[in-house]
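Participant: here is my input, please return the structure:
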Amino acid sequence: MLKGAAIGLFALLASPALATGLLIEVSGEGGNGVITIDLLEDVAPNHVAQIAALAAEGAYDGVVFHRVIDGFMAQTGDVQHGVFGGDMGMAGTGKSDRPNLKAEFSDVPFDRGVVGMARSSNPDSANAQFFIMFAPGHFLNGQYTVVGRVSDGMDVVDAIKLGKGQNGSVIGVPDQMKKVTVTD
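Facilitator: Numbering: from 1, shown residues only. Modelled structure (predicted):
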């Protein structure tokens with residue numbers, strides 16, 4: 001029993017969940033540059049741990065911004081179907097191999113630059129996908145989990161190629177997260 005507890009403690013200490021941010025290198029027809037996100041581990045510890053672990057594993061590298069709605073948000077993070085160069089017809093429908101997360105709603109408002117977790121109609125279905133707000137969207141408050149805030153690079157976010165398809169889907173070649181790095 002003690003051995004298992006020691007291994008669990010080591011895993012916790014070595015976990016990327018202790019990360020404080022992400023650096024996202026964006027490339028494409030629209031956004032090109034680096035977005036810095038401060039993760040809010042005190043607001044949504046389980047969601048932040050999952051995002052940090054996926055980033056540390058390289059799961060987000062090469063994933064596209066598949067849904068981008070002018071004046072609203074840019075969505076990415078489909079590590080299953082959203083990898084650049086793949087069949088974009090399924091982008092936005094996938095998730096990671098990790099379990100879905102129980103909602104961690106907070107009183108942090110969805111203002112410009114806030115990062116939230118995407119989910120289905122089930123509040124406890126967030127997994128890997130996330131979105132960055134172009135403008136305030138307070139109708140999302142208390143409905144989606146806030147995981148971070150853009151602290152630098154909103155000019156890059158603002159330049160991400162907009163979707164023109166149904167429900168904001170990007171037509172043609174979408175911009176991508178070339179590399180996502182965990183910061184501490």
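
Participant: contacting residues for residue 42?
Facilitator: Counting by Cβ atoms under 8 Å, 6 or more residues apart in numbering, residue 42 touches no other residue. Placement of C-beta: from N, CA and C, glycine included.

Participant: state the distance from it to residue 149.
Facilitator: 12 Å (Cβ to Cβ, to the nearest Å).

Participant: could you do residue 109 as well?
Facilitator: Taking Cβ to Cβ, one finds residue 109 at 11 Å from residue 149.

Participant: the more surrounded of these two?
Facilitator: residue 149 (20 against 14; other Cβ atoms under 10 Å).

Participant: ok now do the more buried one, which residues does it touch?
Facilitator: Contacts of residue 149 (Cβ under 8 Å, 6+ apart): 37, 38, 40, 113, 114, 115.

Participant: and those residues, which two are furthest apart?
Facilitator: Comparing every pair within the contacts of residue 149 by Cβ to Cβ identifies 40 and 113 as the most remote, at 12.2 Å.

Participant: tell me where the chain has strands.
Facilitator: For the chain, strands defined by DSSP state E occupy the ranges 21-27, 33-39, 63-64, 67-69, 73-76, 114-117, 130-133, 146-152, 176-183.

Participant: so which bits of the last one are buried?
Facilitator: It stands for strand 176-183. Going by neighbour count (16 or more other Cβ atoms under 10 Å), the buried part of strand 176-183 is 176, 177, 178, 179, 180, 181, 182.

Participant: what's the pLDDT at the residue nearest the centre of the chain?
Facilitator: Taking Cα atoms, centre = their mean, the centroid of the chain lies closest to residue 130, which sits 3.2 Å from it. Confidence at residue 130, expressed as pLDDT, is 98.

Participant: and what of the one 4 residues further on?
Facilitator: Residue 134 carries a pLDDT score of 98 in this model.

Participant: kindly report the same for residue 9.
Facilitator: 37.

Participant: next one: residue 2
Facilitator: pLDDT recorded at residue 2 is 40.

Participant: who touches stretch 92-105?
Facilitator: So stretch 92-105 is contacted by 43-47, 50, 53-54, 59, 66-67, 75, 78-82, 117, 119, 122-129, 142-145, 169 (Cβ under 8 Å, 6+ apart).

Participant: where's the residue nearest to residue 27 when sequence neighbours are not counted relative to residue 121, distance?
Facilitator: Leaving aside its chain neighbours, residue 27 sits nearest to residue 178 (4.6 Å; criterion: Cβ to Cβ, 6 or more residues apart in numbering). According to Cβ to Cβ, residue 178 and residue 121 sit 32 Å apart.

Participant: and if you look at residue 49?
Facilitator: Distance from residue 49 to residue 121, by Cβ to Cβ: 24 Å.

Participant: the two: which has the busier surroundings?
Facilitator: The neighbour count for residue 49 versus residue 121, taken as other Cβ under 10 Å, is higher for residue 49 (20 against 5).
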